[in-house]
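S.K.: Make a model of this:
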Amino acid sequence: MNDYDVVIIGAGPAGLTASLYCARYGLKTVIIEKGIIGGTASWAGSIQNYPGYLDISGLELMMKFEEQAKKAGVIIELDTVQEIRPIENDKEIILSGKKIKAGAVIVAVGTKSKWLNVKGEKQFLNKGVHFCATCDGPLYQRKPVCVIGSDNRATEEAIYLSSVTKEVFLLSPQKELSADFTKQKMLLEKKIDVKLGVTIIELFGKEMLEGIKIKNNLGEEEILNINGAFIFVGTQPNTDFINVKKTEQGRIIVDNSMQTNEKGLFACGDCIEKELNQIATCIGEGAIAAHTTAKYIQNKDVQ
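M.R.: Numbers count the residues shown, from 1 in each chain. Take a look at the predicted model:
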């Protein structure tokens, strides 16, 4: 007898949604999460494009997701999945401290932030270099900081930092920001110094970060005296542990029903190959993955 009907790996928006639907289908469901409940969505200081809320923090929204999943009977365990093994018609999931069995697995592991791969970056990790402004921004009250990136996440974090720090530079490696118009307008309103087409050369300091050397869009080197650098230059999926068909970037390839190329193994959320990475899309994918998983398990039971 299996420990669970479904094991879901990852407690972000996709995993929490999938768990809610699985539980409501009557399946014994557990989520395994190695980090924080809510995943990277919890880091968002202000979400204004999620239907039903004019403005809500990522942490608050994910807490609501978690509460609803638990109320439906979902079990959440903090552990690390090391491997998924097929056992006859089921799955064995190897955790850091034990093994569990399930009829099916839904992978919703999300992504992790990319490094710049420049001098000084890793040396000053948590000593001035960070990947979450809402987590670490308050450490830099009355100090100058920079955000490195071009997209919505980078602009959101820069806007947030403008309310808790002395001065904010937004350094975009791209010649144009990819953030939506509303966020770009807010950058102007907050008087954030935006520098486009910047190349990051080096982050420097003694024990703590003291500055950043850049090459501006004219090809000239420039020093910015900053104490904090928040990096948002893209993500890569947390899929190294799983052996299914993936893209060159490591994103899991699924069909319209969220089925991978391995029987009984489904995937959803930002770890899959898709066009748009948003909380709203993750929710839809999680619901579809749960629906397909429920049908899969029901068909197994009648065979």
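S.K.: okay, CA-based contacts and neighbour counts for the rest of this
M.R.: Noted.
S.K.: Just give me the residue closest to the centre of the protein.
M.R.: residue 40 (3.7 Å; C-alpha atoms, centre = their mean).
S.K.: Which residue lies closest in space to residue 144, excluding its sequence neighbours?
M.R.: Distances taken as C-alpha to C-alpha, 6 or more residues apart in numbering place residue 167 nearest to residue 144, at 4.5 Å, with adjacent residues excluded.
S.K.: any weak-confidence spans in the stretch 51-200 of the chain?
M.R.: Within the stretch 51-200 of the chain, no stretch falls below the threshold (pLDDT under 70).
S.K.: what are the ranges of the strands in it?
M.R.: Assigned by DSSP state E, counting those that start in this stretch, the strands in the stretch 51-200 of the chain fall at 75-78, 81-87, 90-95, 99-107, 111-113, 129-130, 144-148, 167-172, 193-196, 199-205.
S.K.: Contacts for stretch 119-139 next, please.
M.R.: Residues outside stretch 119-139 that contact it (C-alpha atoms under 8 Å, 6 or more residues apart in numbering) are 43-45, 113, 115, 157-158, 160-161, 164-165, 201-204, 207-209, 227-232.
S.K.: for residue 234, phi and psi?
M.R.: Dihedral pair for residue 234: phi 110, psi 180, per degrees, to the nearest 10.
S.K.: Kindly apply the preceding question to residue 262 instead.
M.R.: Dihedral angles for residue 262 - degrees, to the nearest 10 - are phi -110, psi 130.
S.K.: surely it meets residue 244?
M.R.: Yes. If you go by C-alpha atoms under 8 Å, residue 262 and residue 244 touch, sitting 6.6 Å apart.
S.K.: Who has more neighbours out of these two?
M.R.: Between residue 262 and residue 244, counted using other C-alpha atoms under 10 Å, the more crowded position is residue 244 (17 against 12).
S.K.: quick one: that one and residue 173, what's the gap?
M.R.: Going from residue 244 to residue 173 by C-alpha to C-alpha, to the nearest Å gives 33 Å.
S.K.: all helices of the stretch 151-300 of the chain, in order?
M.R.: 152-161, 181-189, 279-302 (DSSP state H, counting those that start in this stretch).
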